[in-house]
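Undergrad: here you go, sequence then predicted model.
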Amino acid sequence: MSSHSQSIFSPRYFALSIGIILSVMAVGFEGLSVTTIAPSIAGDLNGLNLFGWIFSTYLLAQIIGTLVVGRIIDRRGPAVPFTLALLLFIVGLVAAATAGDMYTMIASRAMQGLGAGAMMTCVYTAISLSYPDELRAKILGAFGTAYVLPSMLGPFVAGLIADQWSWRFVFWGILPILLISALLSLSAFTKLKSQPTQGGNGSAATWMALLLTIGTGILLVGLGKLPTIIGLVIVLVGGVLMVYPLRKLLPEGTLAFRRGMPAILATRGLFFAAYTSTQNFLVLALIEVKGITPSQAGLIVASAALSWCVIAYLQGRWDSADQGRGRLTRIILGVFLLAIGITIVFWVPVVTVTVAVIGQIIAGIGIGLAHPISGVVAFSQTGEAGVGKTSANLQFADSFTPGVVIGIGGSILVVCQAGGMSLQSGLIVTMGFHLLLIVLSLIASTRIAPVTEQIRTGLQSLGLKNK
């Protein structure tokens, strides 16, 4: 049977597909649930002064887990890293569920971040090594759906569990999902082998990942202290410490949108960060400026998740129909629709419920088009020898960039209000920042296609180098 007529749920792929989907759902549900229960955690553990570190610690640890495990996969394959990542995430969940003080909770979040970053990198690797190119759009579409569904149910379910029993049961409840995922997928992971890379310096990459984590941590601390002078100094120091390891860890030319893989990662990181941050600040705008209840705001945001799920599912069918020829067009169209969706909610004062829903549906269609296929295109440009690194880069774009952009967006809002602007004016400026990121992503998306001989000849005739 050809891969065109196969399904990701056919007998050959069934266990791995279900295992991957459950892994992604567990990580997504845990991450989004903590947003709802974090105030209760901080209150019960007498740690309101450390509230922000519940999230920051997870992000910083995820950077290390994501980047370091990608190099390990390229040397030894994904089976052992995936097993260790599962165990680390499980230990982190148990530690969180039994935490008696805030420091234990923060340490547990660090373990969860390390485990989640490593797990998702291993999952991307498994997708690249296990599925033929024709099925990757379908499994990545299911991957996206599995991550989006918790955004529709996770916060509500977590709040209900915390209200009826305790926030501790949220962490306990994720364990069975992970254990089922392990039973289904571990045997498939043990069969996966990646081609060893030559000349890679794993120790140097680890130190770069640690330096990036330190720089990001300093940046986040500084953002929280803006608009003070000391805050500005700390932000500048953190930014400098971030840029150097970023240039070393990501493919050369990523920050300059160089054609091919660098442009793919730049496009994905920018549009995903803009989308994620817009969701956060739109909820704030709807509740604080428009007077909508949290549950209503949640339903409006869920409309984007719903359209994302539908388009992500259809994406696989379209990719099979045109045999991948329309991938680049769909990415560019997706980013363009994201720009339209963000533009619709840009002018906060005139945003009504109807306008917000329309904007969210369009943004969901955009992310549903661009997100899965950008991963497919990345893997299509990667040989087996570099699949671990590409997997790490994709996961990095999905986690690091949104975390930093949300922090920057928050600081923009604080600075605007410190300057005497109203909340709604500050939110307009913040939305404008997101729109700028989408425009940059759109520019990068036009450079995703790798340099062909025809393009190279044209550049040389103009006296230009390949960039």
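TA: Received the coordinates, thanks.
Undergrad: neighbours of the residue nearest to V310 when sequence neighbours are not counted, just the number please.
TA: Spatially, and ignoring its direct neighbours in sequence, V310 is nearest to G368 (7.0 Å; C-beta to C-beta, 6 or more residues apart in numbering). All C-beta atoms are positioned from the backbone trio N, CA, C, and that covers glycine. By the measure other C-beta atoms under 10 Å, the count of residues near G368 is 29.
Undergrad: again, but for I373
TA: 28.
Undergrad: now for it: which residues touch it?
TA: Counting by C-beta atoms under 8 Å, 6 or more residues apart in numbering, I373 makes contact with 137, 140, 315, 319, 327, 330-331, 334.
Undergrad: only the buried residues of the helix or strand hosting S56, if you could.
TA: For S56, the element it lies in under DSSP states H and E is helix 53-76. Neighbour-count burial for helix 53-76, counted by 16 or more other C-beta atoms under 10 Å, picks out 53-74.
Undergrad: wait, the residue nearest to V310 touches G316, no?
TA: No. Taking contacts as C-beta atoms under 8 Å, G368 lies outside contact range of G316: 11.2 Å.
Undergrad: quick revisit: just put the contacts of I373 in TSV and tack on pLDDT, distance to T213 and neighbour count.
TA: Shown next, in TSV, are those (pLDDT from 0 to 100; distance: C-beta to C-beta, whole Å; neighbours: other C-beta atoms under 10 Å):
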residue	pLDDT	distance to T213	neighbour count
A137	75	33	26
L140	78	27	27
Q315	80	33	25
D319	81	36	25
R327	87	33	22
R330	92	34	23
I331	93	30	27
G334	94	30	28
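Undergrad: for F396, state which of these is nearest.
TA: L140 (16.3 Å; C-beta to C-beta).
Undergrad: correct me if wrong: L435 contacts G341.
TA: No. Using C-beta under 8 Å, L435 makes no contact with G341, being 10.2 Å away.
Undergrad: who's more crowded, those two?
TA: G341 (26 against 18).
Undergrad: starting at the chain centroid, how far to the stretch of helix or strand the residue nearest to V310 belongs to?
TA: Taking DSSP H and E as the criterion, G368 maps to helix 353-380. Chain-centre distance of helix 353-380: 13 Å, with C-alpha atoms, centre = their mean, to the nearest Å.
Undergrad: can you check stretch 233-244 too?
TA: 22 Å.
Undergrad: likewise for stretch 113-131?
TA: With C-alpha atoms, centre = their mean as the basis, stretch 113-131 stands 13 Å off its chain's centre.
Undergrad: quick one: low-confidence residue ranges for the stretch 151-300 of the chain.
TA: 151-156, 158-159, 192-203, 205, 294-295, 298 (pLDDT under 70).
Undergrad: got the phi/psi numbers for the nearest residue to I37 once chain neighbours are set aside?
TA: In this structure, I37 finds its nearest non-sequential neighbour in W167, 4.1 Å apart by C-beta to C-beta, 6+ apart. W167 adopts backbone torsions of phi -60, psi -20, taken as degrees, to the nearest 10.
Undergrad: got a list of what W167 touches?
TA: So W167 contacts 37, 40-41, 44, 158, 161 (C-beta under 8 Å, 6+ apart).
Undergrad: please apply the same query to S40.
TA: By C-beta under 8 Å, 6+ apart, the residues touching S40 are 162, 167.
Undergrad: swap in I365?
TA: Neighbour list for I365: 307-308, 311, 334, 337, 341 [criterion: C-beta under 8 Å, 6+ apart].
Undergrad: out of these, flag the one nearest to V377.
TA: Distances from V377 to the contacts of I365, taken by C-beta to C-beta, are shortest for G334, at 11.9 Å.
Undergrad: in which helix or strand does that closest one reside?
TA: Here G334 sits within helix 327-344, counting by DSSP H and E.
Undergrad: how about that helix as PDB, C-alpha atoms only?
TA: Below are the C-alpha coordinates for helix 327-344, written out as PDB (Å, rounded to 0.1, in the frame of the first residue of the first chain):
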ATOM      1  CA  ARG A 327       3.400  23.800   0.700                       C
ATOM      2  CA  LEU A 328       5.200  27.100   0.400                       C
ATOM      3  CA  THR A 329       2.100  28.900  -0.900                       C
ATOM      4  CA  ARG A 330       0.100  27.600   2.100                       C
ATOM      5  CA  ILE A 331       2.700  28.800   4.600                       C
ATOM      6  CA  ILE A 332       2.800  32.300   3.000                       C
ATOM      7  CA  LEU A 333      -1.000  32.400   2.900                       C
ATOM      8  CA  GLY A 334      -1.200  31.200   6.500                       C
ATOM      9  CA  VAL A 335       1.100  34.000   7.700                       C
ATOM     10  CA  PHE A 336      -0.900  36.500   5.700                       C
ATOM     11  CA  LEU A 337      -4.200  35.400   7.300                       C
ATOM     12  CA  LEU A 338      -2.500  35.700  10.700                       C
ATOM     13  CA  ALA A 339      -1.700  39.300   9.800                       C
ATOM     14  CA  ILE A 340      -5.300  39.900   8.900                       C
ATOM     15  CA  GLY A 341      -6.600  38.200  12.100                       C
ATOM     16  CA  ILE A 342      -4.300  40.300  14.300                       C
ATOM     17  CA  THR A 343      -5.200  43.500  12.400                       C
ATOM     18  CA  ILE A 344      -8.900  42.900  13.100                       C
END
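Undergrad: taking their axis directions, it and helix 353-380 sit at what angle?
TA: Angle, helix 327-344 to helix 353-380, by axes from the mean of the first three to the mean of the last three C-alpha atoms, to 10 degrees: 150 degrees.
Undergrad: return the distance of helix 327-344 from the chain's centre.
TA: On C-alpha atoms, centre = their mean, the centre of helix 327-344 falls 18 Å from that of its chain.
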